[in-house]
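Novice: Generate coordinates for the sequence data below:
(4 chains)
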Number of protein chains: 4
Amino acid sequence: MKQTVVLMLLLVLSVWVGAAGIKAQMAQFPAVKTAIEELVLANHILYDQNAVDGYGHISVRNPANPNTFFLARSIAPSSVQTDDIMEFDMTGTALNGDMRIPYGERFIHSSIYRNRPDVNSVVHGHAPAVLPFGLTGTSLKPVYHMSAFLGEGAPIFEISRYAKPDPDTDMFVGNSELGDALARTMGQGNFVLMRGHGYAAAADSIRKVVFRSVYAIQNAVIQTEALKMGQPRYLTAGEAARSQQTIEKTINRPWELWSQRVREH
Amino acid sequence: MKQTVVLMLLLVLSVWVGAAGIKAQMAQFPAVKTAIEELVLANHILYDQNAVDGYGHISVRNPANPNTFFLARSIAPSSVQTDDIMEFDMTGTALNGDMRIPYGERFIHSSIYRNRPDVNSVVHGHAPAVLPFGLTGTSLKPVYHMSAFLGEGAPIFEISRYAKPDPDTDMFVGNSELGDALARTMGQGNFVLMRGHGYAAAADSIRKVVFRSVYAIQNAVIQTEALKMGQPRYLTAGEAARSQQTIEKTINRPWELWSQRVREH
Amino acid sequence: MKQTVVLMLLLVLSVWVGAAGIKAQMAQFPAVKTAIEELVLANHILYDQNAVDGYGHISVRNPANPNTFFLARSIAPSSVQTDDIMEFDMTGTALNGDMRIPYGERFIHSSIYRNRPDVNSVVHGHAPAVLPFGLTGTSLKPVYHMSAFLGEGAPIFEISRYAKPDPDTDMFVGNSELGDALARTMGQGNFVLMRGHGYAAAADSIRKVVFRSVYAIQNAVIQTEALKMGQPRYLTAGEAARSQQTIEKTINRPWELWSQRVREH
Amino acid sequence: MKQTVVLMLLLVLSVWVGAAGIKAQMAQFPAVKTAIEELVLANHILYDQNAVDGYGHISVRNPANPNTFFLARSIAPSSVQTDDIMEFDMTGTALNGDMRIPYGERFIHSSIYRNRPDVNSVVHGHAPAVLPFGLTGTSLKPVYHMSAFLGEGAPIFEISRYAKPDPDTDMFVGNSELGDALARTMGQGNFVLMRGHGYAAAADSIRKVVFRSVYAIQNAVIQTEALKMGQPRYLTAGEAARSQQTIEKTINRPWELWSQRVREH
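Specialist: Just a heads-up that it's a prediction; the model follows:
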């Protein structure tokens, strides 16, 4: 009983310390303040755009320290507020003495950040339209300019190849070894399918990774129907490269729309 | 005329007595109060999540008496309030002298409770995404960790095999014999498809059975598309068992989200 | 100019006279008042349930005069109010000196009422889920108890067979000859598919025809997917007859839900 | 720094001058005022009806000057207000000294207006249901009277045929040469599919082009399912011509409904 009380006091203290650690950085670095406010908004947008449901998460690399990143504690994305943000290092360990429960799959984020210095934001989700691709070994390929970032097609992460000693896992990327295998499968791309689970998307900014998540799902919807209608003509490598360059200059346009929608709710 | 008046008075009295019987238990047993409040909320959530429409129902075993269970009177789930809850015994007979009209298919619930002491909550619904499986003899199998509880695949209940003497029924599980046949088909699983009708789901708690209903439907949506795209790789028995253990620890996360949604409406 | 003014005055007068004719009947016959109020509500429900969009219509036979029926003037169903209701005879001619613009396809209604004394309410709509059946010559057959009223399958009305002298029509059932051909195709059934156009549903009450419209569309959604998954097992003739009898006793349950939804908007 | 300030002042001035140029025309010509107000409403309707998302645009030919047209600056359609409207000439050059950022694909509009004196309004969008047709070389053909304007089927614009010297473009119709090639592909029709991109629709009025956009998408949904169900029977050329004539007399009916929906938001 006494032990429980002590543990609870420690937890309350750690929440206060954890939140305080982040608040101090927000006060000191305007870029951190902007990043965390945008991260909260991005959580709500991803839910409103059906890119996540009660599960799924988005992180941002700390603009003041490339070796840490921000990610909410383990709650539904649509509920996330500034006070729910935690800070993690590149091994997925919580910083600032924060003892709140983190997402079990924070290693998706830490491993991609470690493997890809150009990536500043990562999304993980289970949108139903994307799942059939990983399940059937079908690559997600760009059907239009909006999802040109898919390039020559998204690779598929087969978790059982990396699980030791038993290939039967709980499907969760729950440690750095599995996270690193996932990051290696993604390689220098922007998107990776996870068989029997979902997907991870990466970009150099929050706004761009949200854009990519939304339009990867639209791509999945379109490609699924096109595959049943005939042989789809995907963007060529050249078309994809050029389309991506043009369209990704305009991502503030949908971002403004999506922000307005969640603010009005 | 006189007879009608007497009957109406009896009905009013029975409503008053029926509701009183449940209110007394709620006052006496905090666990009953919690269960009934959660049952009302679960009705609203199932509607908001498109797991039921004007039809479908959810019940909970009485925490103070394992031989009875609570289930709303025959109204649309989204309208259910505390006063609409009735109590039934293991033969589907209403208790507390309650003469209100019950769901004709309360035997789905009573039979599963009788056959499965580990089950404390049951859902029955007709979600369109689930129907094609029963109609074509296709087992619903787990495509991802969220629906790992489907294990090695959901069995299909073929009502005409159990109807006597005529195999042509009205498709309703309207008595204990059909209920028992359904419960036997479900066996030790958590989900059973009902050909030409819908499905039933079971769990040890309200929150878990709501979670399973929502994600069984998502599984159906994903599996339907995957089957058209190629040969889906389902979770292995080992993956399903481990995934279920991990994911079902987190069911409070979507429950909080779904509760908030229906409270805000 | 003078002529236009006279025409406009006549129109205003006719609206006043037309509405007055119906108001007098509502005052005299409680059953007419109930029918018209329910007809207005049914228009809103059909829109809310996606059974109609800006197009589509529902009528009710006059409870005080079996040789006339009520139907809104030519506006979107969701906008219909009591003052928009017109009265027609069995040839589709407006009564009460009403000169407002009627739906061009009121002959769907007049012809079904003339051919089927048991029918008291008719719906016509273009719900996308239903269209592929008529286009490909696929009968809509009952996949579950909810749509058991489809019996042994809905017939398909091929308008070009009845168009004289040229088989190429504007696809509209715009006169009594085409209306009668449609009614004959429907026969003693409750539902008829119209190739390249939509469907018509019939029942002995407004509530039942709304129920049938909603669940015929659900049936179409389910059957479409089941056909791609394998060979669906439809309800047998015996199952359909018994299911219909049981389920159609409960139609007030969804009606209450649907009414509440449109009242809250 | 000084240069930036001068540029910003020039931009503010140009916005003021650009908006002033249009306001002067609205004050002078009632038809211009009506057209611009309807254009703003049409932007909101297209978003509400899922015909555009954060991308896509609609223009109207200047009723006071057939050699110019109105189109919003580069923002999401649902955000467009009167002050956001710009005026362009037939080469896609902004008029009235307006230096705000225009849509990169305004050449879709200028080229169709130049090639088609009968066209007064143009829509461009990326609705997912339409994409599989262009991707697989499947013509969009009229499945019912609502989309009879598709006539004998929509042509497909293959941008790589017109790109010089390299066939790999960024998929954008970003200059008059590509715009003219698109307009020639559309020919005297009302709709053109753009492979790997979306579609363009044309009509003699804003209301009609909105109607056609909404029902082309419905047609795509229906045709997609019908193609999987069997061999769809499309409208014959005669049926299409007659249906179009009848249905397009009624387009104010859905326009009123759609206007009311966006006004209530």
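
Novice: Extract the C-alpha set from stretch A:235-250 and format it as PDB.
Specialist: As requested, C-alpha coordinates have been extracted for stretch A:235-250 and formatted as PDB (Å, rounded to 0.1, in the frame of the first residue of the first chain):
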ATOM      1  CA  LEU A 235       4.000   7.400 -63.000                       C
ATOM      2  CA  THR A 236       7.400   6.700 -64.600                       C
ATOM      3  CA  ALA A 237      10.400   7.300 -62.400                       C
ATOM      4  CA  GLY A 238      10.900  10.600 -64.300                       C
ATOM      5  CA  GLU A 239       7.300  11.700 -63.900                       C
ATOM      6  CA  ALA A 240       7.300  10.800 -60.200                       C
ATOM      7  CA  ALA A 241      10.500  12.800 -59.500                       C
ATOM      8  CA  ARG A 242       9.200  15.900 -61.300                       C
ATOM      9  CA  SER A 243       5.600  15.700 -60.000                       C
ATOM     10  CA  GLN A 244       6.900  15.400 -56.400                       C
ATOM     11  CA  GLN A 245       9.000  18.500 -56.800                       C
ATOM     12  CA  THR A 246       6.100  20.500 -58.100                       C
ATOM     13  CA  ILE A 247       3.300  19.300 -55.800                       C
ATOM     14  CA  GLU A 248       5.300  19.400 -52.600                       C
ATOM     15  CA  LYS A 249       5.800  23.100 -53.000                       C
ATOM     16  CA  THR A 250       2.000  23.500 -52.400                       C
END
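
Novice: where along the stretch 151-265 of chain A do the strands fall?
Specialist: Here the stretch 151-265 of chain A has its strands, by DSSP state E, counting those that start in this stretch, at A:156-157, A:191-194, A:198-203.

Novice: Tell me the spacing between the residue nearest to the spatial centre of chain A and A:L39.
Specialist: For chain A, the residue sitting closest to the mean C-alpha position, by Cα atoms, centre = their mean, is A:V123 at 1.1 Å. Using Cβ to Cβ, to the nearest Å, one gets 11 Å for the distance from A:V123 to A:L39. Any C-beta I mention is one placed from the backbone N, CA and C, and that applies to glycine too.

Novice: A:R73 now?
Specialist: 13 Å.

Novice: Settle it for me: which of these two has more neighbours?
Specialist: Counted by other Cβ atoms under 10 Å in any protein chain shown, A:R73 and A:L39 do not tie: A:L39 has more neighbours, with 21 against 17.

Novice: My guess is that one contacts A:P63. True?
Specialist: No. With contacts defined as Cβ atoms under 8 Å, A:L39 does not count as touching A:P63, sitting 11.2 Å away.

Novice: what's the overlap in contacts for A:R73 and A:L39?
Specialist: Among the neighbours of A:R73, those also in contact with A:L39 (Cβ atoms under 8 Å, 6 or more residues apart in numbering or on different chains) are A:I85.

Novice: what about the helix or strand containing A:I112, near chain B?
Specialist: When secondary structure is defined using DSSP states H and E, the element that contains A:I112 is helix A:106-115. No. Helix A:106-115 is not in contact with chain B by Cβ under 8 Å from any Cβ of the partner chain; minimum separation 13.8 Å.

Novice: now that helix and strand A:198-203, what's the angle there?
Specialist: For the pair helix A:106-115 and strand A:198-203, the angle between their directions (axes from the mean of the first three to the mean of the last three Cα atoms, to 10 degrees) equals 30 degrees.

Novice: follow-up on the earlier one: would you turn the strands of the stretch 151-265 of chain A into JSON lines with mean neighbour count and distance to D:V209?
Specialist: Listed next are the strands of the stretch 151-265 of chain A as JSON lines, based on neighbours: other Cβ atoms under 10 Å in any protein chain shown; distance: least, Cβ to Cβ, whole Å:
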{"stretch": "strand A:156-157", "mean neighbour count": "22", "distance to D:V209": "42"}
{"stretch": "strand A:191-194", "mean neighbour count": "26", "distance to D:V209": "35"}
{"stretch": "strand A:198-203", "mean neighbour count": "27", "distance to D:V209": "35"}
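
Novice: Same list (those strands) but as a markdown table, adding mean pLDDT and distance to chain C.
Specialist: As requested, those are arranged in a markdown table below (pLDDT from 0 to 100; distance: least, Cβ to the nearest Cβ, whole Å):
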| stretch | mean pLDDT | distance to chain C |
| --- | --- | --- |
| strand A:156-157 | 98 | 24 |
| strand A:191-194 | 98 | 23 |
| strand A:198-203 | 98 | 23 |
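
Novice: Which among the ones you listed is found nearest to A:L13?
Specialist: strand A:198-203 (33.5 Å; Cβ to Cβ).

Novice: Give the other helices and strands that the closest one contacts.
Specialist: Judged by 3 or more Cβ pairs under 8 Å, 6 or more residues apart in numbering or on different chains; DSSP states H and E, strand A:198-203 is in contact with helix A:106-115, strand A:121-125, helix A:131-136, helix A:176-186, strand A:191-194, helix A:206-229.

Novice: ok, the third one near chain C or not?
Specialist: No. Contact between helix A:131-136 and chain C is absent, the nearest approach being 13.5 Å (criterion: Cβ under 8 Å from any Cβ).

Novice: Contacts made by that helix with the rest, please.
Specialist: Contacts of helix A:131-136 from elsewhere in the structure, counted by Cβ under 8 Å, 6+ apart, are A:138-140, A:154, A:156-157, A:193-199, A:220, A:223-224, B:143-144, B:222, B:225-226, B:229-234.

Novice: Drop anything exposed from these.
Specialist: Neighbour-count burial (16 or more other Cβ atoms under 10 Å in any protein chain shown) applied to the contacts of helix A:131-136 gives A:138, A:140, A:154, A:156-157, A:193-199, A:220, A:223-224, B:143-144, B:222, B:225-226, B:229, B:232-234.

Novice: So which helix or strand of chain A has the lowest pLDDT on average?
Specialist: helix A:2-28 (a mean of 81; mean pLDDT, DSSP states H and E).

Novice: how distant is that one from the center of its chain?
Specialist: 25 Å (Cα atoms, centre = their mean, to the nearest Å).

Novice: For it, list every residue counted as buried.
Specialist: With burial defined by 16+ other Cβ under 10 Å, the residues of helix A:2-28 counted as buried are A:S14, A:V15, A:G18, A:A19, A:G21, A:I22, A:K23, A:Q25, A:M26.

Novice: so what's the fourth one up against?
Specialist: Applying Cβ under 8 Å, 6+ apart to A:A19 gives the contacts A:D83, A:D98.

Novice: change it to 7 Å
Specialist: A:A19 is in contact with A:D83, counting by Cβ atoms under 7 Å, 6 or more residues apart in numbering or on different chains.

Novice: near chain D, which residues of chain A?
Specialist: Within chain A, the positions lying close to chain D (Cβ under 7 Å from any Cβ of the partner chain) are A:143-146, A:218, A:221-222, A:225-226, A:228-233, A:235-236, A:238-239, A:242-243, A:245-246, A:253-254, A:256-257.

Novice: Recalculate using a threshold of 8 Å.
Specialist: Near chain D, when you scan chain A using Cβ under 8 Å from any Cβ, you find A:143-146, A:148, A:218, A:221-222, A:225-226, A:228-239, A:242-243, A:245-247, A:250, A:253-254, A:256-258, A:260.
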